[in-house]
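>>> just need the structure, nothing else, for what follows:
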Amino acid sequence: MFSSKIKELGIKAKNIASTLETEEATKTALVLPLLNILGFDVFNPNEVIPEFVADLGTKKGEKVDYAIKVDGKLEMIIECKKSTEKLDSHHSQLHRYYSVSDARFAVLTNGIEYEFYADLKAKNVMDSQPFFRLNILQLNEQKIKQIAKFQRDDFDASSIFANANDLKYITSIKNYFDQQTEEVDADLAKYLARKFYSGKVISQKVVEKFKGITQSAFTQWSNETTNLRLKEKEQAKKMSVVDTPASKINTTEEEIEGYHIVKAICRKVAEGSRIFYRDAQSYFTVIFDDNNRKPICRLWLEGNKKFIGLFDEEKNCEKKELKSLEDIYKYQKALRDRVNSYL
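As a prediction, the model looks like this:
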């Protein structure tokens, strides 16, 4: 299974990273194994091309570590550094390689961190910021889902590129939120003060006060959300023991996220406390009033293709494909109608 293999590589990397003293050692121990997990034949020079020539004008002999082809078409170039080296100073080098290649994507890595680039701003000009960052020592379900899109057999350059712009903004916003937990900036504090402060004048003193309030709110929200998810996972474990003791039920973060989206949609017509879920080996079901006979929808999120199942009055379930979890919002009316039918 892809997920377990990449997690195993992460464990291996943690154990050996400090012993990899050269770039070649890093490539052999970490980069090539990841390409292999992604389904590329690292021994096939028509698929994984080492020392790919990337000459620029009169400057000859320029080579990028690997070029990746899918069905004969160049899709990615990869520049590698040793595991202990920082990536910051090598962006310009990769930028040059990208400008003279036909690759759609470029990757800069030290075997631990992987930065994925494209030309979202200007065609054939590599962006200054990556649209996706992966650290194999800090894997989660969302990161694994994104890297899975680069698997050889499922590789779709157009789909990856279309998603890259959204992913870049999502990453930037998440980084911004992380920064706010350390120190809230004045613009955000001022915005929230305008929204919630009951006084008439928003002075500098009020802004400073809201910086502290906002930081506390972020911290409390983060802790409460983490605790809620831990409780939900514990609930899923208890249910699996009671209902199917021999099963291998694994409630993923993505399933929990899907549940929260459905719950948020349905709270428009019923209390959120009445929305529950049940996990099974083959699908994940969101139910009303903790009653299996009152299904709201089903979710299939663990395969390469993802689906939502919508129920009609006779409890027949119709599957609709999801390109991403955000697509669940397309079915708000159907989900609310199903909840209304139980009221």
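>>> could I get the full set of helices for the stretch 1-150 of the chain?
Assigned by DSSP state H, counting those that start in this stretch, the stretch 1-150 of the chain shows helices spanning 2-16, 23-26, 32-37, 91-99, 141-148.
>>> most packed of the ones you listed?
Stretch with highest mean neighbour count among the helices of the stretch 1-150 of the chain: helix 32-37 (a mean of 19; mean count of other C-beta atoms under 10 Å). From N, CA and C alone the C-beta is placed, and that goes for glycine too.
>>> OK, contacts around the residue nearest to E51 when sequence neighbours are not counted?
Among residues not flanking E51 along the chain, K63 sits closest, at 4.7 Å (C-beta to C-beta, 6 or more residues apart in numbering). Under the criterion of C-beta atoms under 8 Å, 6 or more residues apart in numbering, the neighbours of K63 are 51-54.
>>> hmm, back to that, so which of the helices of the stretch 1-150 of the chain is nearest L228?
Within those, the stretch nearest L228 is helix 141-148; the backing value is 16.6 Å (C-beta to C-beta).
>>> buried ones in the helix or strand following the closest one?
Towards the C-terminus, the helix or strand next in line after helix 141-148, according to DSSP states H and E, is helix 157-182. Of the residues in helix 157-182, those buried under the neighbour-count criterion (16 or more other C-beta atoms under 10 Å) are 157, 160, 163-164, 167-168, 180.
>>> stretch 69-77 now?
Neighbour count says stretch 69-77 has 69-70, 75-77 buried, by 16+ other C-beta under 10 Å.
>>> out of those, name the ones that lie in strands.
When those are checked against strands using DSSP state E, the ones located there are 69-70, 75-77.
>>> what would those look like in a markdown table with pLDDT and distance to G199?
Written out in a markdown table, the entries for those read as follows (pLDDT from 0 to 100; distance: C-beta to C-beta, whole Å):
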| residue | pLDDT | distance to G199 |
| --- | --- | --- |
| K69 | 94 | 63 |
| V70 | 93 | 60 |
| E75 | 94 | 57 |
| M76 | 95 | 55 |
| I77 | 94 | 56 |
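>>> of those, which pair is most distant in space?
Across these, no pair lies farther apart than V70 and I77, at 12.9 Å, counting by C-beta to C-beta.
>>> how about the buried residues of stretch 69-77 in a markdown table, adding distance to G272?
Conversion of the buried residues of stretch 69-77 to a markdown table gives the following (distance: C-beta to C-beta, whole Å):
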| residue | distance to G272 |
| --- | --- |
| K69 | 49 |
| V70 | 44 |
| E75 | 44 |
| M76 | 43 |
| I77 | 47 |
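>>> from those residues, which is closest to K145?
Where the buried residues of stretch 69-77 are concerned, and distances follow C-beta to C-beta, K145 has its nearest neighbour in M76, at 18.5 Å.
>>> quick one, what contacts the nearest residue in space to that closest one that is not next to it in sequence?
When the adjacent residues along the chain are set aside, M76 lies closest to I68, with 4.1 Å between them (C-beta to C-beta, 6+ apart). Taking C-beta under 8 Å, 6+ apart as the definition of contact, the neighbours of I68 are 35, 40, 47-49, 74-78, 103.
>>> count the neighbours of D279 for me.
The burial count assigned to D279 is 25, neighbours taken as other C-beta atoms under 10 Å.
>>> may I have the phi/psi pair for it?
For D279, the backbone dihedrals are phi -100, psi 140 (criterion: degrees, to the nearest 10).
>>> I'd say it and I249 touch.
Yes - contact criterion C-beta atoms under 8 Å: D279 and I249 qualify, at 5.3 Å.
>>> residue contacts, the residue nearest the centre of the chain?
The centroid of the chain falls nearest to Q142 when counting by C-alpha atoms, centre = their mean (3.2 Å). Residues counted as contacts of Q142 (C-beta under 8 Å, 6+ apart) are 253-254.
>>> go with 10 Å
If you count contacts by C-beta atoms under 10 Å, 6 or more residues apart in numbering, Q142 has them with 170, 174, 252-254, 257, 325.
>>> format those as a markdown table; extra columns: pLDDT, secondary structure and distance to E8.
Formatted as a markdown table, the entries for the contacts of Q142 read as follows, by pLDDT from 0 to 100; DSSP: H, G, I helix; E, B strand; the rest coil; distance: C-beta to C-beta, whole Å:
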| residue | pLDDT | secondary structure | distance to E8 |
| --- | --- | --- | --- |
| I170 | 82 | helix | 27 |
| K174 | 79 | helix | 26 |
| T252 | 85 | coil | 18 |
| E253 | 82 | helix | 19 |
| E254 | 86 | helix | 20 |
| E257 | 86 | helix | 24 |
| L325 | 88 | helix | 26 |
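>>> wait, which of those residues is closest to T84?
Proximity to T84 was ranked across the contacts of Q142 by C-beta to C-beta; first place goes to K174, at 26.6 Å.
>>> on that earlier part again, for P295, state which of the ones in strands among the buried residues of stretch 69-77 is nearest.
V70 (39.9 Å).
>>> was I right about the closest one contacting I160?
No - between V70 and I160 there is no contact under C-beta atoms under 10 Å: 11.1 Å.
>>> so what sits against both of these two?
With contacts defined as C-beta under 10 Å, 6+ apart, the residues shared by V70 and I160 are 104, 150.
>>> report the mean per-residue pLDDT for stretch 31-49.
Looking at stretch 31-49 alone, the average pLDDT works out to 95.
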